[in-house]
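**Q** okay, predicted coordinates and the sequence, questions at the end:
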Amino acid sequence: MPRKGMRTIFFKPSPSDSAVRPATSMRGGDPFADTLMAERIASAESLIEKWAVDSEPSPSSSTSRYAGAAYLFREGRHEAELYLSSVKDLHSAMLHCIGEDSNSGVITRAHELLQIAVRRLSKEFHQILSSHLPYPDHAESVSSRSSQTSNLSSVSDFESESEDELPTKQSAAEPVMQEEERVPNAVVSDLKAIADCMIDCGYGKECIEVYKIVRKSVVDEELYHLGFERPIDPWKMQKMDWEVLKVKVTSWLSAAKPAVQTLFYGEKILCDQVFIAASASFRESVFSHVAHDAALALFGFAEGAAKAIKRSPERIFHLLDLYQAVANLWPDINSIFSSTVTSAVRSHAINSLIKLGEAVRVTLGNFESAMQKDSSKQSAVPSGGIHPLTRYVMSYLALLADYGGVLTDILADWPVGGSPKHRGFPGSYFAGCDSAASVTAGDSNASAIFAWLVLVLLCKLDVKAERYKDVALSYLFLANNLQYVVDKVARSNLRHLLGEHWVEKHESKVKLYASNYERMGWSKVFSLLADLTVKISSGQAKESLRKFNAALEEVQAKQAGWTMPDQKLRDEIASSLAEKLVPAYRRLYDSCPRGDSVVKFAPDDLDNYLAGMLRAAGAGGGSASVWTAASRSSSHWPSPVGQGKGGSLRKARAGRV
């Protein structure tokens, strides 16, 4: 149905009514105005009628030179230029006739032609907007660019505006976007030319409605192609099976960056370029209508996922991935959705960070609690090898350390130990952590919390070591497990969080545990070679050698099932034993008759014998491989049955030196 008048917020008519009505009360007309209008109608009528929406040239027609050309702006630049020029001339003549004694029939015909032209332009506008416009594909720093493009040379190819109509100054806070970073200028020029023509002719409202509907649909479609389906009810998310929710989280993580840095950014740039002549507030309003709902749904998903993901330790990485994605995109979000009308998008993004951060802290607290509740009555590894708890916790913390930067933000105000009741722990329990001194000042709180979690593990290992009946085996257990902890720290980002001093301190403690193992496990062998400084007879030497061999075989038999999985630790212990035993054995060997049956190996062979014995222990009779396999999955987390009899962590840690 034809619309009467030229209703638009962009059109400011003369003091007479903005709606053009036939001058039925006039008997005559202004000859000059009538002549002008007749000329403009004659000039525009043929072209406008030719491209009338209701009588488009048939694609199958062979008589029309426009055969196959369903759209004006596909036919050629010259044809489109003439069309827009004719429409503007027609409208200009109509404005001139307002208030004049012009022939009503002439104005009515002009108005009819104008509406025919607007329908064509609306269709052209719709078609171009519906196409897959290429967005900038290198928006690596949206926040460093301005969304305002008022000085772009995107003026229509079909216009020649005067210099005083073009912006002449660019705000220092709004850097110019480079030519190659824009949607192709020809496409923007077409859209801008159509929009400007419709707006100038009084059909701005119709133009804006077409733009909003089409681009909103494009945004929804592009989000779907990126893998993000909406809407998703937060309540339904909480009821989802974890495997289903995990797939949706993975899809969201893949979609978030291109959605913000390409889709929303591209839509904002397109809107700013097409409606460059309008005010900034108007452009923001149009952009908000296009992208607001989609952006709210995008960040609403992250907020909903924070509530839906269960707080089990292994799921913390999905929470951290979501947090990191939103945090990395925040500068872009803050720039793209900077206006008042899009403030809800910023609020949703911030709320998602808050909720995700809270979820991470709760999950870390649950992880610590699981360690605290791990039963100290659980049997330690029979071979003295690496405990499954050690493998699981250190693998978990090493993965967490890869999120050090994110966790620094999340844990900035979180109390060490996860709750106020642990704040009373003496600073000495954090000794060795480079950042421990700055914990009270609130700096590197994440480092102190990592140090605390490792400390909780070591305390649990101390309690488990007490379950061994053989003291030497308990020290070997501590040496093996602490060596594993130190290696994990040294070979991961934990080293940056805990610091070099922490590594050095705990390496020294590994040596102390290894020394205690030697002292307690080899004491009988050492005692038989303790006092060989005086010269002894061959008979005494033979008897001492016989006892030494028996003690060595006893140690070998007793420690046959023990394990030393770390080669470096094995070599260090073998070297230490050789330094203590070989010189004394050599003196005993020199005192025995050559060829006597009691002499089983020469002094030079004792070193190799000790190394071979410990290498056999390194295999652990298969124990090490069993425990390694048992710790490959988080499903092997030791059952948190209870605290056991070990007392507090402080007492357990302090009691084992």
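**A** Everything's here; your move.
**Q** for stretch 131-140, what is the average pLDDT?
**A** Mean pLDDT, computed over stretch 131-140, is 52.
**Q** just stretch 545-556 next, same as before
**A** The pLDDT scores in stretch 545-556 average 87.
**Q** and for stretch 324-338?
**A** 96.
**Q** cool, stretch 590-607 as well?
**A** Rounded mean pLDDT across stretch 590-607 is 79.
**Q** could you check that stretch and say which residues are buried?
**A** Residues of stretch 590-607 classed as buried: Ser591, Cys592, Val599, Pro603, Leu606, Asp607 (neighbour count, 16 or more other C-beta atoms under 10 Å). In this view, the C-beta of every residue, glycine as well, is placed from N, C-alpha and C.
**Q** also stretch 380-394?
**A** If you call a residue buried by 16+ other C-beta under 10 Å, then stretch 380-394 has these buried ones: 380-394.
**Q** what of stretch 571-580?
**A** With burial defined by 16+ other C-beta under 10 Å, the residues of stretch 571-580 counted as buried are Glu572, Ile573, Ala574, Ser576, Leu577, Ala578.
**Q** tabulate those in CSV, adding columns for secondary structure and pLDDT.
**A** CSV is the format used below for the buried residues of stretch 571-580 (DSSP: H, G, I helix; E, B strand; the rest coil; pLDDT from 0 to 100):
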residue, secondary structure, pLDDT
Glu572, helix, 91
Ile573, helix, 92
Ala574, helix, 89
Ser576, helix, 91
Leu577, helix, 90
Ala578, helix, 89
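**Q** of these, closest to Arg467?
**A** Ile573 (22.5 Å; C-beta to C-beta).
**Q** so how many other residues sit close to Ser523?
**A** 12 (other C-beta atoms under 10 Å).
**Q** worst mean pLDDT across the helices and strands of this structure, which element?
**A** Taking mean pLDDT, DSSP states H and E as the measure, the helices and strands of the chain show their lowest mean at helix 623-630, namely a mean of 30.
**Q** just to revisit the earlier point, out of the buried residues of stretch 590-607, the closest to Leu545 would be?
**A** Looking at the buried residues of stretch 590-607 and their distance to Leu545, the nearest is Cys592, at 5.8 Å (C-beta to C-beta).
**Q** and the nearest residue to the closest one once chain neighbours are set aside, how close does it get to Lys310?
**A** Once flanking residues are discounted, Cys592 sits nearest to Ala541: 4.6 Å by C-beta to C-beta, 6 or more residues apart in numbering. Separation of Ala541 from Lys310 (C-beta to C-beta, to the nearest Å): 70 Å.
**Q** now the stretch 301-450 of the chain, which segments are flagged as low pLDDT?
**A** For the stretch 301-450 of the chain, the stretches with pLDDT under 70 are 376-379, 416-444.
**Q** okay, helices next: where are they in it?
**A** 316-336, 343-373, 388-401, 404-410, 445-465 (DSSP state H, counting those that start in this stretch).
**Q** out of those helices, which one sits most buried?
**A** helix 445-465 (a mean of 24; mean count of other C-beta atoms under 10 Å).
**Q** for that one, packing partners?
**A** On a contact count with 3 or more C-beta pairs under 8 Å, 6 or more residues apart in numbering; DSSP states H and E, helix 445-465 meets helix 343-373, helix 388-401, helix 404-410, helix 471-490, helix 494-498, helix 649-655.
**Q** okay if I get these as TSV plus distance to Thr262?
**A** What follows is the helices and strands packed on helix 445-465, written out as TSV (distance: least, C-beta to C-beta, whole Å):
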stretch	distance to Thr262
helix 343-373	16
helix 388-401	30
helix 404-410	23
helix 471-490	39
helix 494-498	33
helix 649-655	50
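**Q** Ala448: which of those is closest?
**A** For these, the distance to Ala448 is smallest for helix 494-498, at 9.2 Å, taking C-beta to C-beta.
**Q** continuing past that closest one, what's the next helix or strand?
**A** Per DSSP states H and E, helix 494-498 leads on to helix 500-521 as the next helix or strand towards the C-terminus.
**Q** can you pull the buried residues of that next one?
**A** 502-503, 506-507, 509-511, 513-514, 516-518, 521.
**Q** a markdown table please, covering those residues and showing pLDDT.
**A** Formatted as a markdown table, those follow (pLDDT from 0 to 100):
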| residue | pLDDT |
| --- | --- |
| Trp502 | 95 |
| Val503 | 95 |
| His506 | 96 |
| Glu507 | 96 |
| Lys509 | 96 |
| Val510 | 96 |
| Lys511 | 96 |
| Tyr513 | 97 |
| Ala514 | 95 |
| Asn516 | 95 |
| Tyr517 | 95 |
| Glu518 | 93 |
| Gly521 | 91 |
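**Q** which one of the residues you listed is nearest Gly300?
**A** Trp502 (41.5 Å).
**Q** nearest to Arg230, out of the helices of the stretch 301-450 of the chain?
**A** Closest to Arg230 of the helices of the stretch 301-450 of the chain is helix 343-373 (C-beta to C-beta; 13.0 Å).
**Q** from Leu356, how far out is Ser515?
**A** Ser515 is 47 Å from Leu356, where distance means C-beta to C-beta.
**Q** wouldn't Ile41 be in contact with Arg109 here?
**A** Yes: assessed by C-beta atoms under 8 Å, Ile41 is found in contact with Arg109 at 5.9 Å.
**Q** quick one: which of those two has more around it?
**A** Per other C-beta under 10 Å, whichever of Ile41 and Arg109 has more neighbours is Ile41, with 21 against 15.
**Q** show me what contacts the more buried one?
**A** Leu90, Val106, Arg109, Ala110, Leu113 (C-beta atoms under 8 Å, 6 or more residues apart in numbering).
**Q** next, count neighbours for the second one.
**A** Spelled out, it's Val106. 23.
**Q** try the first one
**A** Other residues lying near Leu90 total 22 when counted by other C-beta under 10 Å.
**Q** that one and Ile48: what is the separation?
**A** In terms of C-beta to C-beta, Leu90 sits 8 Å off from Ile48.
**Q** what of the fourth one?
**A** Here Ala110 is placed at a distance of 10 Å from Ile48 (C-beta to C-beta).
**Q** same check, this time on the third one
**A** Between Arg109 and Ile48 the computed distance is 11 Å (C-beta to C-beta).
**Q** where in the stretch 51-200 of the chain is pLDDT low?
**A** Along the stretch 51-200 of the chain, the model assigns pLDDT under 70 to residues 54-69, 75-76, 96-104, 132-185.
**Q** quick one: the helices in the stretch 501-650 of the chain?
**A** Here the stretch 501-650 of the chain has its helices, by DSSP H, counting those that start in this stretch, at 523-528, 538-558, 567-590, 603-619, 623-630, 649-655.
**Q** could those helices go into TSV alongside distance to Phe275?
**A** Below are the helices of the stretch 501-650 of the chain laid out as TSV (distance: least, C-beta to C-beta, whole Å):
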stretch	distance to Phe275
helix 523-528	89
helix 538-558	86
helix 567-590	69
helix 603-619	74
helix 623-630	64
helix 649-655	65
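**Q** Arg495: which of those is closest?
**A** Taking the helices of the stretch 501-650 of the chain one by one with C-beta to C-beta, helix 567-590 is closest: 16.9 Å.
**Q** packing partners of the closest one?
**A** Packing partners of helix 567-590 (3+ C-beta pairs under 8 Å, 6+ apart): helix 471-490, helix 500-521, helix 523-528, helix 538-558, helix 603-619.
**Q** could these go into a markdown table alongside distance to Val187?
**A** A markdown table is the format used below for the helices and strands packed on helix 567-590 (distance: least, C-beta to C-beta, whole Å):
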| stretch | distance to Val187 |
| --- | --- |
| helix 471-490 | 55 |
| helix 500-521 | 57 |
| helix 523-528 | 87 |
| helix 538-558 | 83 |
| helix 603-619 | 69 |
